[in-house]
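Visitor: No letters, just coordinates:
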């Protein structure tokens, strides 16, 4: 490895490193606008000029490879003068928009102009003006501010896989533009706002709503899919103003999906902020004692077999555990967290997690995707697959409807019987998996939620066993979930019979069927909105949640709970990683954190739960499910038998996400997501053909 000296500090770096990367290794700061760690090198802005001995002129450190014996000065008079000159040129056409620019206070151009620019400008001619572009409902443009760093262009092409941005013309006439007036059709488009070092691209829904220094910043976890993206919730008083990504190399790197970023405005609309009790067929406001009394009057004395509970997709582990304990105390085994009826085997953890891990995708050389559209079910995970694809040597096969996945994939057909052919070795793709060093498969909920889901799970296991997906140090069997609460619910045994799989108890299908027949008289919905409420029949429905969505409309008693930004909670992502979310704001009105509601209700029912605070609850949770003891760590699952062998029908797969922008109670209440649905899904076919097919609907 070459050795060089930077500002008098000797450093040894890999041969393919650049001067800028070497400087970062020793803690020397070099300004930059166009360079980004996760994008290709462009060398556009020239702000990273440094002084290299024996070089006739300053060199761009982002594009210059290191060499043995190189001596670099980043603070010499020549380097400082070069940067000041570059900054002066960058500011020639930049408008004086700082007082009204949403980037103000967190703008790279502001910071670097202060640190490296001159104290005055010498340009007195007219500044150029550039027409703004329409990039859709999520990204606002003020292209006069653009400094042509091309970060947005490189992100759209390389990471998002939707090459819809580019540069036209040259010199003074150069513009960054969207091709043919087409909007950005990527589910990751909001990341260009984070990447933009000036105020050319800003957050359109957030525009003129707040300043960075006004906001309280809270670390949390995203719940709009099962990836477990690390986020930062920015709030002011009791309002969530925006959501930004946090860096987590093994989960989301530094990216955030558009729904996770922009659906936060739904937290303020259609909220349930007080208890309700149905009287004479109409929901009326009530006090907490009145709501608890109505529940107690119906539940007390009722046999456990006539009581059931369903947990929703956004629930935290603590609330599901508290509800499970309450159902156990009431003598009921009718509990389930699988709203879609997916045939997930809670007895074997390896059968329902993403065993390869999200970061492990980068090691794969062959992928079989079964009944899943990762682009809409988990955009961040899909971007990781694309990242691996761009390195070369990856073959991807898909069993399901034809969609655009942002990388080259061979569609093997939309016949579930193809999976059986691969499992038996009769299909050509079986040889692809067998010849790969690190093959993997991804089973989606579109495959497992079918009537033959258990047989598909067994067939997928057979593929893993017969095609060499299970090796020393490598488990290529993966389940991609769409619900943030699903893996946590399975880990703590929120299924009929618990995680031990004991006999007794009804699953979601059984609960709905029993309710329609009158066998189930009380159904407790913990944020469960994705079920067919028409099948609840005449059952007494208790809905505990935070939005007036489907479950609340059917409820006889409504208990106002807290959204994910309003409580401390544990969530387990699709790879089985336990992560902790922190409360950013308090629940509105009389709403309370979910576990506290269940604790108070249990006391009213005479079945007091044995914990009085969150610490005690989590201690019992860890005792019952030891996987919750290790936060932010992957715990490998033992490979064993699972699934139920049976006939896989030849019927085609259907992807579970029909409209990426509206999949849950929060996003359905979001005005921003409604605009995205209108633009991209309902009537924007001529502008957004690729995305429309990508939504599976």
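Guide: Structure's in. What do you need? None of the values given here were measured: they were computed from a predicted structure. Residues are numbered from 1 along each chain as shown.
Visitor: give me the low-pLDDT residue ranges for this protein?
Guide: 498-503, 683-697 (pLDDT under 70).
Visitor: Please tell me how far residue 402 sits from residue 410.
Guide: Per Cβ to Cβ, to the nearest Å, residue 402 is found 11 Å from residue 410. Glycine gets a C-beta too; all of them are placed from N, C-alpha and C.
Visitor: Oops, could you answer that again for residue 462 instead?
Guide: Per Cβ to Cβ, residue 462 is found 21 Å from residue 410.
Visitor: One more: residue 652?
Guide: With the distance defined as Cβ to Cβ, residue 652 ends up 17 Å from residue 410.
Visitor: who's more crowded, residue 462 and residue 410?
Guide: More neighbours surround residue 462 than the other of residue 462 and residue 410, with 17 against 12 (other Cβ atoms under 10 Å).
Visitor: got a list of what that one touches?
Guide: residue 423 (Cβ atoms under 8 Å, 6 or more residues apart in numbering).
Visitor: One more: residue 456?
Guide: Remark: with contacts taken as Cβ under 8 Å, 6+ apart, residue 456 is in contact with 343, 370, 371, 416, 419, 443, 447, 448, 450, 648.
Visitor: Assign a three-state SS to it, would you?
Guide: Classification of residue 456 using DSSP: H, G, I helix; E, B strand; the rest coil returns helix.
Visitor: And it, how close does it get to residue 400?
Guide: When residue 456 is compared with residue 400 (using Cβ to Cβ), they lie 12 Å apart.
Visitor: And residue 284, by the same measure?
Guide: For residue 284, the distance to residue 400 under the criterion Cβ to Cβ works out to 47 Å.
Visitor: Looking at those two, which is more packed in?
Guide: The residue with more neighbours, out of residue 284 and residue 400, is residue 400; 25 against 11, by other Cβ under 10 Å.
Visitor: Quickly list what's touching both of residue 456 and residue 400.
Guide: 370, 371.
Visitor: So which elements touch the helix or strand containing residue 240?
Guide: With elements delineated by DSSP states H and E, residue 240 resides in strand 239-245, which encompasses its position. Contacts defined by 3 or more Cβ pairs under 8 Å, 6 or more residues apart in numbering; DSSP states H and E place strand 239-245 against helix 191-195, strand 230-236, helix 258-262.
Visitor: what are the ranges of the helices in the stretch 251-400 of the chain?
Guide: Secondary structure of the stretch 251-400 of the chain, counting by DSSP state H, counting those that start in this stretch: helices at 258-262, 288-299, 317-329, 374-377, 379-390.
Visitor: could you dump those to a markdown table with mean neighbour count and distance to residue 100?
Guide: Conversion of the helices of the stretch 251-400 of the chain to a markdown table gives the following (neighbours: other Cβ atoms under 10 Å; distance: least, Cβ to Cβ, whole Å):
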| stretch | mean neighbour count | distance to residue 100 |
| --- | --- | --- |
| helix 258-262 | 27 | 22 |
| helix 288-299 | 17 | 46 |
| helix 317-329 | 24 | 43 |
| helix 374-377 | 27 | 36 |
| helix 379-390 | 23 | 32 |
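Visitor: Take those helices and lay them out in CSV including distance to residue 67.
Guide: What follows is the helices of the stretch 251-400 of the chain, written out as CSV (distance: least, Cβ to Cβ, whole Å):
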stretch, distance to residue 67
helix 258-262, 42
helix 288-299, 72
helix 317-329, 53
helix 374-377, 42
helix 379-390, 28
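Visitor: Could you say which one of these comes nearest to residue 478?
Guide: Across the helices of the stretch 251-400 of the chain, residue 478 has its closest neighbour in helix 379-390 (9.7 Å, Cβ to Cβ).
Visitor: hmm, who's touching the closest one?
Guide: Counting contacts by Cβ under 8 Å, 6+ apart, the residues outside helix 379-390 that touch it are 158-161, 187-188, 225, 227, 229, 251-253, 255-258, 358-359, 361-362, 364, 367, 374-375, 394, 396, 405-408, 480, 574.
Visitor: rewinding a little: packed most tightly, which of the helices and strands packed on strand 239-245 would that be?
Guide: When neighbours are counted by mean count of other Cβ atoms under 10 Å, the highest per-stretch mean among the helices and strands packed on strand 239-245 falls to helix 258-262, a mean of 27.
Visitor: And it, what does it pack against?
Guide: The helices and strands touching helix 258-262, judged by 3+ Cβ pairs under 8 Å, 6+ apart, are strand 239-245, helix 671-676.
Visitor: Just tell me which of these ends up closest to residue 32.
Guide: Residue 32 sits nearest to strand 239-245 of all the helices and strands packed on helix 258-262, at 20.1 Å, using Cβ to Cβ.
Visitor: tell me the angle that closest one makes with helix 379-390.
Guide: Interaxial angle, strand 239-245 versus helix 379-390 (axes from the mean of the first three to the mean of the last three Cα atoms, to 10 degrees): 20 degrees.
Visitor: quick one: strand 239-245 to chain centroid distance?
Guide: The gap between the average C-alpha position of strand 239-245 and the chain average comes to 14 Å, counting by Cα atoms, centre = their mean, to the nearest Å.
Visitor: Show me the strands paired with that strand, marking each as parallel or antiparallel.
Guide: Looking at strand 239-245 with DSSP bridges, its partner strands are strand 230-236 (antiparallel).
Visitor: ok, and what's touching the strand it pairs with?
Guide: Counting by Cβ under 8 Å, 6+ apart, 210, 212, 214-222, 240-248, 251-252, 256, 260, 264, 565, 579, 584-585 sit against strand 230-236.
Visitor: of the residues you listed, buried ones?
Guide: By the neighbour-count criterion of 16 or more other Cβ atoms under 10 Å, these include these buried positions: 210, 215, 218, 220-222, 240-246, 248, 251-252, 256, 260, 264, 565, 579, 584-585.
Visitor: dump the residue contacts of residue 110.
Guide: Counting by Cβ under 8 Å, 6+ apart, the residues that residue 110 touches are 98, 103, 104.
Visitor: One more: residue 216?
Guide: Applying Cβ under 8 Å, 6+ apart, the residues near residue 216 are 234, 235, 236, 584.
Visitor: try residue 533
Guide: Contacts for residue 533 (Cβ under 8 Å, 6+ apart) come out as 541, 550, 551, 553, 554.
Visitor: and it, how far is that from residue 549?
Guide: In this structure, residue 533 and residue 549 are separated by 10 Å, where distance is defined by Cβ to Cβ.
Visitor: now swap in residue 585 and tell me
Guide: When distances are taken as Cβ to Cβ, residue 585 and residue 549 turn out to be 20 Å apart.
Visitor: One more: residue 668?
Guide: 6 Å.
Visitor: Next: residue 216.
Guide: Distance from residue 216 to residue 549, counting by Cβ to Cβ: 28 Å.
Visitor: How many neighbouring residues does residue 16 have?
Guide: Here the neighbour count serves as a burial measure; for residue 16 (other Cβ under 10 Å) it reads 10.
Visitor: How about it, nearest residue that isn't a chain neighbour?
Guide: residue 65 (6.8 Å; Cβ to Cβ, 6 or more residues apart in numbering).
Visitor: Got the phi and psi for that neighbour?
Guide: For residue 65, the backbone dihedrals are phi -70, psi 150 (criterion: degrees, to the nearest 10).
Visitor: When you filter the contacts of helix 379-390 down to buried only, what's left?
Guide: Restricting the contacts of helix 379-390 to buried positions leaves 158-161, 187-188, 225, 227, 229, 251-253, 255-258, 358, 361, 364, 367, 374-375, 394, 396, 405-407, 480, 574, with burial counted as 16+ other Cβ under 10 Å.
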